[in-house]
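**Student:** fold the following for me, if possible:
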Amino acid sequence: MPQPPQDDPSRAAVPPAVARARDVPTLLEALVDADPGRPRLTWYGAGGERVELSARVLVNWVAKTADLLANECDVEPGDVVSLALPPSWRTTVLALATWCVGAEPSWDGDEGEVLDDLEPQPPAVLVTTVDGPMGPAGRVVVVDLPALSRSAAGGPPGALDYNAEVTGRDDVLAVDEQVQDRRVLELADDLARISEFRPGERVLGAAEDLDPDLVLGALRRDGSVVAVAADAGLDLDDLAAQEQATARA
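**Tutor:** Just a heads-up that it's a prediction; the model follows:
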């Protein structure tokens, strides 16, 4: 008996709830329901740092960060959150959280740049490192990137210490469906198609080649990502075999 046509053949093997998701929070929750313990984001950084976030742990970090953005930084739907950070698992978490509160993440700032002419207006929130870019913003949030860091002390006066504040935030991903921008997942779908990500793909690549929207594209295909920092000092071919990667970014 012939099968009914698929709207998107590349999603044919994706769990139905993941394929049906129309916004970022719904997608993340569907990934947890599909397999809470499956690695979804793996990070290799300097000094042998390896961070592996399962679906459940990833959503936990995103929920805490979204709560911080909405309730501590007063981020509202449509606001811009400038992620003036180098590529990192924390940068991806912050971008996902920004989408979850209906705001728009921007990661165009180069590390070390002074953000003194942001157009068309300063962002609602500037997220940076202690020695990273600074500039006008409604609120400045300072992040220390190493996974074990508990404080980002040393930022400018009035800056929010992300590391110290985020751990105590609510870990339930409570969002308003009315503020979600469905174009975010549409773009993720487009990027996944362009990159030829198959369902369940484990994508490995240099961190600078794995922007948050491309990571979202892999997740959209029920996949996972292994991001490797430039200063990790690792051979990507050897690591691909070790991590059982099925695609390269």
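**Student:** rest of the way, CA atoms for contacts and neighbours
**Tutor:** OK.
**Student:** report the central residue of the chain.
**Tutor:** residue 92 (2.4 Å; C-alpha atoms, centre = their mean).
**Student:** tell me how far that residue lies from residue 241.
**Tutor:** As judged by C-alpha to C-alpha, to the nearest Å, residue 92 and residue 241 stand 24 Å apart.
**Student:** give me the nearest residue to the residue nearest to the centre of the chain, chain neighbours excluded.
**Tutor:** residue 212 (5.1 Å; C-alpha to C-alpha, 6 or more residues apart in numbering).
**Student:** tell me what the lengthiest helix in the chain is packed against?
**Tutor:** In the chain, assigned by DSSP state H, the helix with the most residues is helix 55-71. Helix 55-71 sits against helix 24-34, strand 39-44, helix 89-100, helix 162-166, with contacts defined as 3 or more C-alpha pairs under 8 Å, 6 or more residues apart in numbering; DSSP states H and E.
**Student:** closest one to residue 236 among the ones you listed?
**Tutor:** Evaluated with C-alpha to C-alpha, the helices and strands packed on helix 55-71 place strand 39-44 nearest to residue 236, the distance being 10.7 Å.
**Student:** sheet-wise, list the partners of the closest one with their directions.
**Tutor:** With DSSP bridges as the test, strand 39-44 is paired with strand 50-54 (antiparallel), strand 224-228 (parallel).
**Student:** which other residues reach it?
**Tutor:** 49-55, 58, 88-89, 219, 223-229, 232 (C-alpha atoms under 8 Å, 6 or more residues apart in numbering).
**Student:** can you pull out the strands in this protein?
**Tutor:** For the chain, the strands defined by DSSP state E occupy 39-44, 50-54, 80-83, 104-106, 125-128, 139-142, 160-161, 202-206, 224-228, 247-248.
**Student:** distance to residue 183, mean pLDDT and mean neighbour count added to those, as a markdown table?
**Tutor:** Below are the strands of the chain laid out as a markdown table (distance: least, C-alpha to C-alpha, whole Å; pLDDT from 0 to 100; neighbours: other C-alpha atoms under 10 Å):
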| stretch | distance to residue 183 | mean pLDDT | mean neighbour count |
| --- | --- | --- | --- |
| strand 39-44 | 22 | 98 | 22 |
| strand 50-54 | 25 | 98 | 18 |
| strand 80-83 | 16 | 97 | 25 |
| strand 104-106 | 11 | 97 | 21 |
| strand 125-128 | 22 | 97 | 26 |
| strand 139-142 | 26 | 96 | 24 |
| strand 160-161 | 30 | 96 | 20 |
| strand 202-206 | 23 | 98 | 23 |
| strand 224-228 | 21 | 98 | 28 |
| strand 247-248 | 25 | 96 | 17 |
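**Student:** turn these into CSV, columns for distance to residue 188.
**Tutor:** Listed next are the strands of the chain as CSV, based on distance: least, C-alpha to C-alpha, whole Å:
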stretch, distance to residue 188
strand 39-44, 16
strand 50-54, 20
strand 80-83, 19
strand 104-106, 14
strand 125-128, 23
strand 139-142, 27
strand 160-161, 30
strand 202-206, 15
strand 224-228, 14
strand 247-248, 17
